[in-house]
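Q: One predicted model, sequence on top.
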Amino acid sequence: MEKTIFILDERRLTKEFIEAYNAGKVTIRDGVGYWAKGSGKTGIIKHLPFKEAPYEGVKEAMKQAQIANVLTAAASTSVILGAIVVQTRYLASKLETLQAQVDVIAQDQHSSNIVFYLEKVTSYAGLIASARTLLINRDVIDECRDIASLLLTSLMVQRNQILSFVDNLLSYAVSQEVSPRYYKLVVNFVQTILDVVPSAAHLEFLLSDRMGRFGFSEVLLREAGESYESGLLAYKAFLVESKKSIIKGDFLLERKQVFDEVEEQALLLFNSEMNAALMRLPVGQVAIESKKPEDLLVG
C-alpha cells in the first residue's frame, strides 16, 4: 500500500482549468478543483487527473510535488497529504505509539484523574482510526453521512479535551516532587500526542470536505491550528523552564539525562514540515451557490 503515491498528471489537464487556476479562480480540495469564491461560478470545475509515482517517504513524496510548477505543487501536495494520512501506515504507526504510551502510564499511575484522561486518549485514537476508515473510499460517504457527522463532532470535542489534558500534564510534571521516571513518561506522552493531532485534525478537515461542508471544514482546521499551536507553545515553555532549572543546578541528574534524551525529538516535532502542512488551509475558498430566500423557508 505504501509503494506508490499519486501526483498530478499535468498532461491531462484542460486549458480551461489551467487558465482558471492561474487567474486565481480555482481552489483545490481533496483532489478536486472547485470554482473559488469571487470567480463568478460555483461547483466542480474538474476532478484532477493523477498518476502513480514511487513513494519514498514523506519528504521525498513532498519533494516530488514541487518538481514541476506551482499548480503541480498545490494540487499534488493536497492529495499527497491526504493519501499519506489515509492510505498508508503513517497515521497507524503514530496511533500505535500513542497507545503504547497510554499503556505505560496506566501501569505507572493509577489516580482517578489520570486514568479518566487516558481513557479519553484511547477513545480519541479509536475515533481517528474510524475517520480514516470512512475516508479510504470516497464513494461511501453518501451512505454514511449520519455516522460521519457524529464522528466529526466527537473528534472535535475530544481533540480539545486531549489538548487541555496536555496542558494539565505539563503543569504537573513541572513539580520537583515528580520522579525522573514519571517526568520521562509525561514528556514522551505529551510529545506523542502533539505529533498525532495534526494528522487527526487533517482527517476532520477531509471528512467535513467530503460531506460538502467547505466553510465548516475551514473553521475546523483553523480552530484546530490555533489550539494546537497553544499546545506546542505550552510544551516549548515547559522545556525552556526545564533547561533553566538544569542551568541553575536545580535538576536531579536523572532528570537532566531524560531532558537530554527528549530535546532532539522535541526539536524535530517543533520543526516538522509535515505537521505544519497538515494544519495549513488550502489557498482560496470554495464558491458556494447561494440559496434563494424561499428555499430557506420551512413548511
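A: On my side now, so go ahead.

Q: what about Glu273, how many neighbours?
A: For Glu273, the count of nearby residues is 10 (other CB atoms under 10 Å). (Each C-beta comes from the backbone N, C-alpha and C, glycine too.)

Q: Look up how far Arg280 lies from it.
A: If you measure Glu273 against Arg280 using CB to CB, to the nearest Å, the figure is 10 Å.

Q: next one: Tyr34
A: Computed with CB to CB, the distance linking Tyr34 and Arg280 is 17 Å.

Q: Have a look at the two and say which one is more surrounded.
A: The residue with more neighbours, out of Tyr34 and Arg280 and counting by other CB under 10 Å, is Tyr34; that gives 26 against 15.

Q: which element is the more buried one on?
A: For Tyr34, the element it lies in under DSSP states H and E is strand 32-35.

Q: List the strands paired with the helix or strand just after that strand, with their directions.
A: Sequence order places strand 44-47 as the next helix or strand after strand 32-35, per DSSP H and E. In the sheet, strand 44-47 lines up against strand 32-35 (antiparallel) (DSSP bridges).

Q: Contacts for the strand it pairs with next, please.
A: By CB atoms under 8 Å, 6 or more residues apart in numbering, the list of residues contacting strand 32-35 from outside reads 17, 20-21, 25-28, 41-48, 75, 214, 286-287.

Q: Quick check on the residues you listed: which are buried?
A: When burial is judged by neighbour count using 16 or more other CB atoms under 10 Å, the buried members of the contacts of strand 32-35 are 17, 20-21, 25-28, 45-46, 48, 75, 214, 286-287.

Q: would a markdown table of these with pLDDT, secondary structure and distance to Ser171 be doable?
A: Putting those into a markdown table (pLDDT from 0 to 100; DSSP: H, G, I helix; E, B strand; the rest coil; distance: CB to CB, whole Å) gives the following:
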| residue | pLDDT | secondary structure | distance to Ser171 |
| --- | --- | --- | --- |
| Phe17 | 85 | helix | 51 |
| Ala20 | 86 | helix | 51 |
| Tyr21 | 83 | helix | 48 |
| Lys25 | 87 | coil | 49 |
| Val26 | 84 | strand | 46 |
| Thr27 | 85 | strand | 41 |
| Ile28 | 82 | strand | 41 |
| Ile45 | 85 | strand | 50 |
| Lys46 | 82 | strand | 50 |
| Leu48 | 79 | coil | 46 |
| Ala75 | 58 | helix | 43 |
| Phe214 | 87 | helix | 38 |
| Val286 | 83 | strand | 41 |
| Ala287 | 73 | coil | 45 |
